[in-house]
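**Q** Predicted model and sequence follow; I will ask about them next.
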6 protein chains.
Amino acid sequence: MNIVLKIGGSVLFSDNEINTPLIKKYTETINVLKKTYEKIGIVVGGGIYARNYIKAAKKLNATADFQDFLGIEISRQNARLLISALTNVYDEPPKDYNEFKKASSMFQIVVLGGFQPGQSTNGVAAIVAEHLKAEYLINLSDVDQVYNKDPDKFKDAKPLTEISYYDFYKIIINNEQSPGKYALFDLLGFEIIKRSNIKLLFLNGKHPELIHKALTGSTIGTVIK
Amino acid sequence: MNIVLKIGGSVLFSDNEINTPLIKKYTETINVLKKTYEKIGIVVGGGIYARNYIKAAKKLNATADFQDFLGIEISRQNARLLISALTNVYDEPPKDYNEFKKASSMFQIVVLGGFQPGQSTNGVAAIVAEHLKAEYLINLSDVDQVYNKDPDKFKDAKPLTEISYYDFYKIIINNEQSPGKYALFDLLGFEIIKRSNIKLLFLNGKHPELIHKALTGSTIGTVIK
Amino acid sequence: MNIVLKIGGSVLFSDNEINTPLIKKYTETINVLKKTYEKIGIVVGGGIYARNYIKAAKKLNATADFQDFLGIEISRQNARLLISALTNVYDEPPKDYNEFKKASSMFQIVVLGGFQPGQSTNGVAAIVAEHLKAEYLINLSDVDQVYNKDPDKFKDAKPLTEISYYDFYKIIINNEQSPGKYALFDLLGFEIIKRSNIKLLFLNGKHPELIHKALTGSTIGTVIK
Amino acid sequence: MNIVLKIGGSVLFSDNEINTPLIKKYTETINVLKKTYEKIGIVVGGGIYARNYIKAAKKLNATADFQDFLGIEISRQNARLLISALTNVYDEPPKDYNEFKKASSMFQIVVLGGFQPGQSTNGVAAIVAEHLKAEYLINLSDVDQVYNKDPDKFKDAKPLTEISYYDFYKIIINNEQSPGKYALFDLLGFEIIKRSNIKLLFLNGKHPELIHKALTGSTIGTVIK
Amino acid sequence: MNIVLKIGGSVLFSDNEINTPLIKKYTETINVLKKTYEKIGIVVGGGIYARNYIKAAKKLNATADFQDFLGIEISRQNARLLISALTNVYDEPPKDYNEFKKASSMFQIVVLGGFQPGQSTNGVAAIVAEHLKAEYLINLSDVDQVYNKDPDKFKDAKPLTEISYYDFYKIIINNEQSPGKYALFDLLGFEIIKRSNIKLLFLNGKHPELIHKALTGSTIGTVIK
Amino acid sequence: MNIVLKIGGSVLFSDNEINTPLIKKYTETINVLKKTYEKIGIVVGGGIYARNYIKAAKKLNATADFQDFLGIEISRQNARLLISALTNVYDEPPKDYNEFKKASSMFQIVVLGGFQPGQSTNGVAAIVAEHLKAEYLINLSDVDQVYNKDPDKFKDAKPLTEISYYDFYKIIINNEQSPGKYALFDLLGFEIIKRSNIKLLFLNGKHPELIHKALTGSTIGTVIK
């Protein structure tokens, strides 16, 4: 049985500082998961340093794909930091699907950042989950739960504990003002988890101890299935 | 001034045979474009051989990402065939964004197939166009033009010669039954061409001579801008 | 104890279709061999798709080495298909000797296509067998047995069950009209199996179940030693 | 005639922000140098983000080499940012000497970060200068000039405009408390510039316009030769 | 117009010393050829150091392919030495066909050693000549000329100035006692030069100045065509 | 518990011959160490063949870094020879730190040569020891012991059995005439073993059986700690 964690870049930083105590908590959680799961994929986001390089590149008139590329490289750097604290782990964040495929055939744990401009780390997490035939892809960010409407706009938005792929699709399609801004999850990633029937679980990323709870029966966060 | 061609896999084959005469026509067209454009990106699809490997892998119970991967490798093989008939061209279809970035800094022409499972070659073409700051991404397939409705379902569907990004977005969102089946263009690719303001031109892929016509002022196909 | 299978491209296809049922049989046979053999090398040929790309490249005036290269890439694609149905297997067909060497030090099974223009997949199979110190290299093709003369030309040609390296050398040297067309086995590969004393066994490739029979004592096909 | 710039990580940041205006000034300076110099090597340091990852890795009990490695990756990220604003430049910071060697044979400009744990980016700059047969290696940092004694400790320390390799050696040997802390320049790098007779020029890194001045005759900073 | 030189390992050494003066002469000859030929391929053999590593590996019970591999690596080291004295040259001996293909699309000169166990550097030279559409492959070794019989065995053996592919084939087939020992040229390489109609010229490798003479009309050595 | 051996190039050769019997002894010693140590790093020097290529490249006017590079490649060739006689070993000498990091996470034994011009194989051995958290780095060369003064110059120089990092630093600093010639150990390597508190043991490299003795309690050679 395999599992994938997607850790949002925002939860890895407190302002300009790397949130080392939280990263330590994550490594402890992962060490617990190692006893249960045969393969563990972990995909890490970019956070504030990524945004700073992107802003700087934009000011220097870099193309949008190059800006994305700089953000991806920081997500890979964050992945390296997590790698430095783990064992049974591939020693580098794979830079594309092919390298991930090879790495996951040799190591229990592979930690990744982004793959390619124009695509979010959620998309990467979905591919990783599909390749590992993971039952769950757990999305750890500052989103505690999915709401039936955008909670920033509607006072009567209600948190959901479970939701179908179809209803989730309608939310992410309507949730956004402009195409391409997928606040919750991108469509590329969505398509993959749907076609391979992977459960997507949203949890509060500041509390990695919730992962174990959720996997052992507690009703926390929102599950899409 | 740079340009990107996306050549659909379907146009490269006649039934089970590789359509060599058409590929020859494409090389002639590209040799004309070489005189005008500084950089040319060409992205090639998979076609029937790709579908046959995907079908076989499915029967052998491969995961969906691996099926995609086999299709991508055939799109890269088709790219090699085109490369064999060109000059001033990078000698291999880059296998990811990083290799493409390097190749395009050294060669006038780069021919590519797909990059990564879960993503269409349209998405690759969009990234390539963004990196090259291309004015046009020309989509060459069996789709002559974009219609205001799905022409297979609605008798009164009308072909369009020009359409805004916003209206095109509504078509590709509604056009599909299930999320992820982007008959015309995928959302990942759409987001990229929109954010970088690249014109997307649909042309009949069986007539590469139309490319030159369209670029020199004729109103053919449909342009999204 | 190690073993190498060479599966001819012709047996993988029925006309234009990939012969998935036969590939399934091969995976079953390999799963049996996995229990007996420490390391298994499998080299796969190109078949009809390879020939189609080669023909197309020739029409496009590609050099002979590039034509070969396109055929090799399809043999590697066929190898990927087999990989998709196996476990304990290196996830990609190695693209040269160095990658094979590394792969075989980490995985029980390595599946390969060709390496390099001007050289047949028989030559690759021989190098693989030498590196693995394999006792047998089993050649699976549409050749059931080796004959003392060319059976297409001589009515009195007799099938052989066993033959010395020296006599086999005389057959492959005389068997061919023009140098380089090694109907049975190429001289590069022959030299390698001879210098390392590897037994070469010819079996009918449409019946992978014969492999187990032959290895457990039945007198089938022709063995060169 | 070739030249190498070593840009200290500290000058690329203002507190926690990337100093984009200064980077812009550097690109303007480099665009001027491009007209005079055939090959330009640029080596960039890590700065505060590098230090933050190193600190975090230390808290997570990573080995010292892995801490260095994380710092090196940030110096490479800084190099990417500079690359995004340049033309005629290799598109990636080479990750080792071999890649640098290849890159510099193809492009006018190569921008690098660090190579390897235990070695400073000064060492990298020296190797780059040696390979390019550069006349000057210009060290741009918060060190305006070299002093005859440590100016932090001795009030009567005097700035020098020129100094021999031999005297510089004595300064860097005595300057440090513990072996390995080479405040000014490390011994590995020193050995290389000495053996290949490369002039080392220290300049204030906050004012890239000084580079042009110094190279066209003004007596600024300190030159070691 | 392109050309390929094959420089035998034996001519690069005098006993245990590298024959630097001769290598210098070769670089001078190559600098002359650079003015006439668009692309130049140079393939270098292993010589005595290669043989010493092979002997040592054999004593250590390495497999035959690994012995070959060590010899190949020394041929590549010899190639590096030649590279160090040339300009407009790819900076490394390509380790396989794919790398060669890429290198030759970017540089006027590519210097190579061997590619792969079981195959001589003559085979590499033939592939290189085919890819470059070279008119001549010049074989520079201690063989001055081809004889109609083995001159070591037959007193009445006569040197030839010209010979057909067919007659050359008969010589190399009969010349050897055991299959695989191709004193003059291996069959793999022969097949390639024949199928692509490349002229093969044998010259005394101790006198690189003969190359220019032979190419400008003098009847020296033996040409196979 | 992990260990690193640094085997000097000089001990691998007797005049111009590879010292195969000694290499055999080393493999026997390593096979004993394999039972005790979890990970073993082995770094091999260049020896006389390295010096010959360096001399030849110098005569051909190669840059100093390229001369170093040729020497490094021979140290890697020597590493390959040792690899050919070992099991549970990574199949190639890693060409940089990144490859070493990956290799050591997968194999019990990694054999290396040099990494990069301007840096000795002692520096490589130190990085390897740091990454492996090795207790000992054993330096095997023609230096039996460290002396309190240079024994070639001072008759009253006394051999030491144990010495502090600080005293060793003073010796290697004073021991040399010109900066950069670190007869015993280079400063880069010294800095690393000091910062990570690795014991450095000097032993006579012609007697690998001393390794086991020293590690099991005998007072041989000189230990720096």
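**A** Perfect, thanks for sending it.
**Q** Please count neighbours and contacts with C-alpha atoms only from this point.
**A** Will do.
**Q** any idea of the angle the helix or strand where A:Q77 lies forms with helix D:64-83?
**A** Using DSSP states H and E, A:Q77 maps to helix A:64-83. Helix A:64-83 runs at 170 degrees relative to helix D:64-83, counting by axes from the mean of the first three to the mean of the last three Cα atoms, to 10 degrees.
**Q** Give me the helix or strand of chain A that scores worst on average pLDDT.
**A** None of the helices or strands of chain A scores lower by mean pLDDT, DSSP states H and E than helix A:165-174, at a mean of 86.
**Q** If I follow the layout properly, A:D150 ends up in contact with A:A157?
**A** Yes. A:D150 lies in contact with A:A157 (Cα atoms under 8 Å); the separation is 6.6 Å.
**Q** Among the two, which residue is more densely surrounded?
**A** A:D150 (18 against 14; other Cα atoms under 10 Å in any protein chain shown).
**Q** Read off the pLDDT value for the more buried one.
**A** We have a pLDDT of 76 for A:D150.
**Q** Need the three-state assignment for it.
**A** Secondary structure assignment for A:D150 (DSSP: H, G, I helix; E, B strand; the rest coil): coil.
**Q** hmm, back to that, wait, does the helix holding A:Q77 contact chain B?
**A** Yes. Among the residues of helix A:64-83, A:A64, A:D65, A:F66 lie within reach of chain B under Cα under 8 Å from any Cα of the partner chain.
**Q** got it, and stretch A:214-225?
**A** No. Stretch A:214-225 lies apart from chain B when judged by Cα under 8 Å from any Cα; the minimum separation is 14.8 Å.
**Q** in that stretch, what counts as buried?
**A** By 16 or more other Cα atoms under 10 Å in any protein chain shown, the buried positions in stretch A:214-225 come out as A:A214, A:I220, A:G221, A:T222, A:V223, A:I224, A:K225.
**Q** same question for that stretch, mean pLDDT?
**A** Per-residue scores along stretch A:214-225 average to 92.
**Q** what do you get for stretch A:46-66?
**A** 97.
**Q** what does stretch A:186-197 give?
**A** 92.
**Q** The residue of chain A found nearest chain F and chain C, how far apart?
**A** Residue nearest to chain F within chain A (Cα to the nearest Cα): A:D91, separated by 5.9 Å. Separation of A:D91 from chain C (Cα to the nearest Cα, to the nearest Å) stands at 16 Å.
**Q** Contact partners for that residue?
**A** A:R80, A:I83, F:K101, F:K102, F:S105 (Cα atoms under 8 Å, 6 or more residues apart in numbering or on different chains).
**Q** related to what we said a few turns ago, by how many degrees do the least confident helix or strand of chain A and helix B:165-174 diverge?
**A** Going by the same axes, to 10 degrees, helix A:165-174 makes 180 degrees with helix B:165-174.
**Q** and helix A:165-174, what does it pack onto?
**A** If you count contacts as 3 or more Cα pairs under 8 Å, 6 or more residues apart in numbering or on different chains; DSSP states H and E, helix A:165-174 packs onto helix A:187-195.
**Q** Give the next helix or strand downstream of the helix it packs on.
**A** Next along from helix A:187-195, by DSSP H and E: strand A:199-204.
**Q** Can you list the neighbours in contact with that next one?
**A** Contacts for strand A:199-204 (Cα under 8 Å, 6+ apart): A:135-146, A:193, A:210-211, A:220-225.
**Q** tell me the angle it makes with helix A:187-195.
**A** Using the same axes, to 10 degrees: strand A:199-204 against helix A:187-195 is 130 degrees.
**Q** got the buried residues for strand A:199-204?
**A** In strand A:199-204, the ones that count as buried by 16+ other Cα under 10 Å are A:K199, A:L200, A:L201, A:F202, A:L203, A:N204.
**Q** now it, how far from the chain's geometric center?
**A** Offset of strand A:199-204 from its chain centre (Cα atoms, centre = their mean, to the nearest Å): 10 Å.
**Q** What pairs with that strand, parallel or antiparallel?
**A** strand A:136-141 (parallel), strand A:222-224 (antiparallel) (DSSP bridges).
**Q** now check stretch A:64-73, is it near chain D?
**A** Yes. Judged by Cα under 8 Å from any Cα, stretch A:64-73 comes into contact with chain D at A:F66, A:L70, A:E73.
**Q** Local confidence estimate at A:G180?
**A** pLDDT, A:G180: 39.
**Q** swap in A:K153?
**A** 80.
**Q** which residues touch it?
**A** So A:K153 contacts nothing (Cα under 8 Å, 6+ apart).
**Q** Same check on A:A79?
**A** Contacts of A:A79 by Cα under 8 Å, 6+ apart are A:V43, A:V44, A:E92, A:P93, A:V111, A:L112, A:G113.
**Q** Let me see the contact set for the fourth one.
**A** Okay, so that is A:P93. Taking Cα under 8 Å, 6+ apart, one finds A:R76, A:A79, A:R80, A:V110, A:V111, A:L112, A:G113 in contact with A:P93.
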